[in-house]
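Participant: quick one, fold the following:
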Amino acid sequence: MMTVSKQQKEKMPATQMTMRYGHPEGHTDVCFDDSGSCIVTCGSDGDVRIWKDLDDDDPKSINVGERAYSCALKKGKLVTSVSNNTVQIHTFPNGTPDGILTRFTTNANHVVFNKDGSKIAAGSGDFMVKVVDVMDSSQQKTFRGHDAPVLSVSLDPNDIFLASSSCDGSVKVWQISDQTCTISWPLLQKCNDVINAKSICRLAWQPKTGKLLAIPVGNTIKLYKRETWKNEVDLSDNFITLPLNVVTWSPCEKYLAAGSINGCIVVWNVETKDCMERVKHEKGYTICGLAWHPTSRQIAYTDAEGNLGLLENVCDKDGIKSSSKVSGMGNKDYNDLFDGDDDNDNADNSNFLNENLEFQLTPKGKTNYEDDEDDLMLAAGYSKHRNHILEDDDSSVEVASIEKGSYHEKDEEKDEQTHAMPLMTSQRPFYDGPRPSLPQKPFQSGSTPQHLSHRFMVWNSVGIIRCYNDDQDSAIDVEFHDTSIHHATHLSNTLNYTIADLSHEAILLACESTTELASKLHCLHFSSWDSSKEWTVDMPPNEDIEAICLGQGWAASATSALLLRIFSIGGVQKEVFSLPGPVVSMAGHGEQLLIVFHRGTGFDGDQCLGIQLLELGKRKRQVLHGDPLPLTKKSYLAWVGFSAEGTPCYVDSEGIVRILNRRLGNTWTPICNTKEHCKGKSDHYWVVGIHENPQQLRCIPCKGSRFPPTLPRPAVAILSFQLPYCQIATEKGQMEEQFWRSFIFHNHLDYLSENGYEYEESTKNQAIKEQQELLMKMFALSCKLDREFRCVELAELMTQNAVNLAIKYASRSRRLILAQRLSELAVEKATELAATLKEEEEDFRNKLNTSSTTEWSQPMVVNHKVEENNAKDSEEDDEIEEKTDLHKNKQNPFCKNGNSADGPAIKSVTSSSQGRVNPFKVSASSKEPAISVNSTSSNILDNMKKLSKKSTVPNRTANKEKSLVLKPLIPKPKSKQVLATNFFQTCTSQTEKIEEKENPENSLSESPALSAQNIENERPKTGFQMWLEENRSLILADHPSFSEESDIIKEGINRFRILSDEERKEWAKKAKGGTTNEVEINETETKKRKQPSNDHTKEKEEEKTKENVNLSKKRKSLAVSTNQKLSAFAFKKD
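Facilitator: Next comes the predicted model:
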């Protein structure tokens, strides 16, 4: 019994008060005033707050700048180091500015007073330390010698020495009088900036005598003796597992407290080297500020998340009640519980403890204390004694004695555990498991924090909205990247709008509710065609808008009532539905609405977020149903939105950019890590937009911050994407990353196609070509490495054409087994492709039959076949290019000869019982079908004429390509099916191959004759066309990259316009005079070619005369290139 009471008498554990919010996330400093009547803190919001006690819910706040790094208080003078590179002084507690003491070229990281408050010392990121006289700031001394930013400084109470620590790894002691370095110790780990330092190394002299200098080095405190500069003592403890960050002395110089980067606070008795207190931060955050109360046993501390905490009864042996107002717990209410205890000596206190301890070992004593336990609040002084006594009730002691066999052993162990464990306010057993994270507050993507006086309300692909909140004026500026959408706008902000969004149609603003006004949603619909371009909606009472977004024709707002309200862009209220949790952010694009919300409580710094994706078009549906949103560990959401092409994306606080992979079950794929592009750990990239084609991440680099200032105007940087694949330095890893990145970034084309949007077909073809080239390169690399199984795996990702090329490559590489495997794979692919296309064809025909008459089907099929042949031609060109790259061979690797692909094409298009029929042969008994076919083709010609009426000559080919993208979308072309048929027919008898070769030759020999005759009868050549034929070679020589006819024609038009009027007239005369010669040449050429029978020739001439008469009446004559293509279409369709 006596053992327990003596230990209780010797040491009472410190009381850890519940922490409270002080400042936003970031470095936070703390100090007491001279009397200890209040606590002073400063933080990343640029405010200095004065707390009467820890329960002060309305602390006085003094704004000293954008960000405050350190503060010191002495004799009514408050000194702060601020982000504008100055050290300022204010009066205390009024907070009146009293001037600037000194300036640096970068931020001052630490500032301290000397003992009498006449001087301050400050260390800066520009490697310099200054000592400045407070009354006369012109009296300054500068200390140069550090090779990196200064971490902390400390002035000797005798004003002889100055100590400083730096990122260069050294701790120096300076002679103040002559500004020389007395001694330097290489104690710390080197780094390039304060933000990268493992410890900020807040060193401290003994406050009265200055005999010892305490320096936190790793997990220990090194004490150096004055004058001799020898390391006298090292203080450490097993409770400390990570480096110590800050130290502070007690006013009596007997105790030394230190805080670590993982939230441990340890107090030593310097004389005995005993560890007196061990306290663990509630959430394990870094302790960055530590201050000892000037008169009582209290320690105030702050963490890197902006929280403020307080320890009471630190090293309190005698149970002396804290006399400071800071405790603020009303100790007077508990004095009556311990009568006669205030003025008794230690013996009386000992007897009191022994009596209560013996009393509580009886059941009766336990019952008596249970009645009072609910009313007992933990505070400083005697309430702490009582709670400690109540811990060791009779049941715990008896059970322990039974299990251990010795009451004294258990009592000693329990005392050690109590001594070592961090203590909570309720004195319950310490919980060391996962701790809940603070939920992320709602934010608008592309905005900066609301507490800034000048901030971005939104920065997106449309424009920028800035907000200015000054004492004199409060305004909003709207700027558009493309001024053709709308001119810049200046708006007054009398309602204090805090949230904004911007689109091509409108500006959307929202404000919070006040005691008098409701939360409002304000829309400026500048694209409206009527005169009323604004509307406002008031939210119901007790409902605040927390997030807003704009889409195409709609606006949305999420409120604190967990409701999402959708409005039309003109102000009509539409759907309202409940959210699964508090909203975090929203984004809109076209018909898509993306919502991020809290789906639960996160633990250990993680956020538990969910995401919904809705489509608000005519076919309303939900794509993502509140799925978990993947985030990097201990990170939060920093940006969410859509790419310029409409794919959902988001960025977390660790700089990981993720995009929705629609082709993989709507999963999220990381595509970029912005941290890899940052030079320092404190640097960040502020994302403003994402583009998939071209692949660009548009963001603003922020030096030492997470967001940019409004002025000067930030410059936008462009980062490249890179998927986190393994072994990216190798050739194989690079090609794999490029292939899958191309695959992911072209998924939006499939989405656009499925939802009826127009897109450039050439973009998709180029992407497929790029992917197939990468697959072939990986295939060739795997062949060189004898990885044949891997080759087959790569071939499974290839198209039919690429597989045929791979078969050729394997055969030439003498890998017969591989070639056989690939042949089997090609057969499977062809079968699957044919079946798929057949199903699509049937589905499409069924839709046409149900929605329209049968007369509709024929033109649609003709258009479909036009697309088919165009796609087949482009694929053949791609195959030739691939073959040239890989084998330096100009032959087509996918077929036996150059024309064999046309044979199956004719066979698949024409359905006749007579086998292959010449498409230009017209018999006497089949005139009507021939006329119907010609009428169909004339419809195509009419369509082409209407599309190109208002366009110039070079735009005709572009218009023809765009006309192929019809709504509703036409099924995919059957070029792959034709190739599959070709693949099977190559395996048949030799006689069929001979027939396939003969018919295309005849047809090809006849088609130029038809095209030549069409040219004769339709239109003579213009002067520009004759000039272009002569100068084509020059254009191609100057621009070898031109591969399309449209590019050559555009360049030709530009050059032809430069010619003088006389030269152009000459070319026009040449064109008029040259038509007769061309006709004669064309006639002689046709006679030289192989002619059909006389009957057929006469019938063709009669038919062509009829066609020419009709064509001359109905439409204008077309260019040579257009007629050639149309003749090819007629050949392939008929």
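Participant: so what's Leu244 closest to, chain neighbours aside?
Facilitator: Once flanking residues are discounted, Leu244 sits nearest to Pro216: 3.8 Å by Cβ to Cβ, 6 or more residues apart in numbering. (C-beta placed from N, C-alpha, C; glycine too.)
Participant: doesn't that neighbour lie inside a helix?
Facilitator: No. Using DSSP: H, G, I helix; E, B strand; the rest coil, the assignment for Pro216 is strand, not a helix.
Participant: so what's the residue count around it?
Facilitator: 27 (other Cβ atoms under 10 Å).
Participant: again with Leu242
Facilitator: 16.
Participant: mind listing residues that contact stretch 1059-1067?
Facilitator: With contacts defined as Cβ atoms under 8 Å, 6 or more residues apart in numbering, stretch 1059-1067 is touched by 1023-1024, 1026-1027, 1056.
Participant: list the buried residues of that stretch.
Facilitator: Trp1067 (16 or more other Cβ atoms under 10 Å).
Participant: export that stretch to PDB, keeping only CA atoms.
Facilitator: Extracted C-alpha coordinates of stretch 1059-1067, given in PDB (Å, rounded to 0.1, in the frame of the first residue of the first chain):
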ATOM      1  CA  LEU A1059      -0.300  35.200-109.400                       C
ATOM      2  CA  SER A1060      -1.200  38.300-111.300                       C
ATOM      3  CA  ASP A1061      -4.400  38.800-113.100                       C
ATOM      4  CA  GLU A1062      -2.700  38.500-116.500                       C
ATOM      5  CA  GLU A1063      -1.100  35.200-115.600                       C
ATOM      6  CA  ARG A1064      -4.400  33.700-114.300                       C
ATOM      7  CA  LYS A1065      -6.200  34.800-117.500                       C
ATOM      8  CA  GLU A1066      -3.500  33.100-119.600                       C
ATOM      9  CA  TRP A1067      -4.100  29.900-117.700                       C
END
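Participant: got the contact list for Arg698?
Facilitator: 687-691, 716-718.
Participant: before we move on, what about Tyr650?
Facilitator: Tyr650 touches 596, 629, 637, 639-641, 657-658, 668, counting by Cβ under 8 Å, 6+ apart.
Participant: quick one: the residue lying closest to Arg20 once chain neighbours are set aside from His684, how far?
Facilitator: Closest residue to Arg20 apart from its sequence neighbours, by Cβ to Cβ, 6+ apart: Leu308 at 5.6 Å. From Leu308 across to His684, the span is 26 Å (Cβ to Cβ, to the nearest Å).
Participant: repeat for Asp234
Facilitator: In terms of Cβ to Cβ, Asp234 sits 38 Å off from His684.
Participant: between those two, which one's more packed in?
Facilitator: Taking other Cβ under 10 Å, Asp234 and His684 do not tie; His684 has more neighbours (24 against 11).
Participant: quick check, pLDDT for that one.
Facilitator: The predicted structure scores His684 at 92 on the pLDDT scale.
Participant: same check, this time on Glu839
Facilitator: Looking at Glu839, the pLDDT reads 83.
Participant: could you say which helix or strand contains it?
Facilitator: helix 816-851 (DSSP states H and E).
Participant: ok, Gln771 next?
Facilitator: Going by DSSP H and E, Gln771 is in helix 761-784.
Participant: show me what contacts the residue nearest to Leu244?
Facilitator: 199, 201-203, 243-247, 258 are the contacts of Pro216 under Cβ under 8 Å, 6+ apart.
Participant: closest one to Ser165 out of the residues you listed, please.
Facilitator: Comparing the contacts of Pro216 against Ser165 with Cβ to Cβ places Cys201 closest, at 4.1 Å.
Participant: let's verify Arg1064: helix, strand, or coil?
Facilitator: Relying on three-state DSSP, one would call Arg1064 helix.
Participant: whoops, Tyr751 was the one
Facilitator: Relying on three-state DSSP, one would call Tyr751 helix.
Participant: isn't it up against Ser643?
Facilitator: No. Between Tyr751 and Ser643 there is no contact under Cβ atoms under 8 Å: 11.1 Å.
Participant: Val640 reaches Phe443, doesn't it?
Facilitator: No. Using Cβ under 8 Å as the test, Val640 is too far from Phe443 to be in contact (9.3 Å).
Participant: of these two, who's got more company?
Facilitator: Val640 (27 against 22).
Participant: one step back: could I get the average pLDDT for the helix holding Gln771?
Facilitator: Average pLDDT, helix 761-784: 92.
Participant: same question, stretch 572-585
Facilitator: Here the average pLDDT along stretch 572-585 is 96.
Participant: so which bits of that stretch are buried?
Facilitator: Buried residues in stretch 572-585 (16+ other Cβ under 10 Å): 579, 581-585.
Participant: kindly report the same for stretch 112-123.
Facilitator: 112-115, 117, 119-123.
Participant: next one: stretch 474-490
Facilitator: Under 16+ other Cβ under 10 Å, the buried positions of stretch 474-490 are 474, 476, 478-480, 486.
Participant: kindly check the end-to-end length of it for me.
Facilitator: By Cα to Cα, to the nearest Å, the extent of stretch 474-490 from end to end equals 11 Å.
Participant: for the stretch 651-800 of the chain, which segments count as strands?
Facilitator: 656-661, 667-673, 684-691, 696-702, 717-719 (DSSP state E, counting those that start in this stretch).
Participant: quick one: closest of those to Gly733.
Facilitator: strand 667-673 (15.8 Å).
Participant: send me that closest one as CSV with only the CA atoms.
Facilitator: Extracted in CSV, the C-alpha atoms of strand 667-673 (Å, rounded to 0.1, in the frame of the first residue of the first chain):
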residue,chain,number,x,y,z
THR,A,667,-12.2,1.9,-63.6
TRP,A,668,-9.7,4.7,-62.8
THR,A,669,-6.3,4.7,-64.4
PRO,A,670,-3.4,6.9,-63.2
ILE,A,671,-2.0,8.8,-66.1
CYS,A,672,0.4,11.3,-64.6
ASN,A,673,2.3,12.1,-61.4
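Participant: name the residues that touch that strand?
Facilitator: 629-630, 650, 655-661, 697, 719-724, 741, 744.
Participant: quick check: mean pLDDT of that strand?
Facilitator: 95.
Participant: ok, now stretch 210-225?
Facilitator: 93.
Participant: can you check stretch 698-716 too?
Facilitator: On average, stretch 698-716 scores 90.
Participant: go through that stretch and flag the buried ones.
Facilitator: 698-702, 704-708, 710, 714.
Participant: now tabulate the contacts of Arg698 in TSV and tack on distance to Asn94.
Facilitator: Output for the contacts of Arg698, formatted as TSV (distance: Cβ to Cβ, whole Å):
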residue	distance to Asn94
Val687	43
Val688	42
Gly689	47
Ile690	50
His691	53
Val716	44
Ala717	45
Ile718	50
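Participant: mind checking which of the residues you listed are buried?
Facilitator: Applying 16+ other Cβ under 10 Å to those flags 687-691 as buried.
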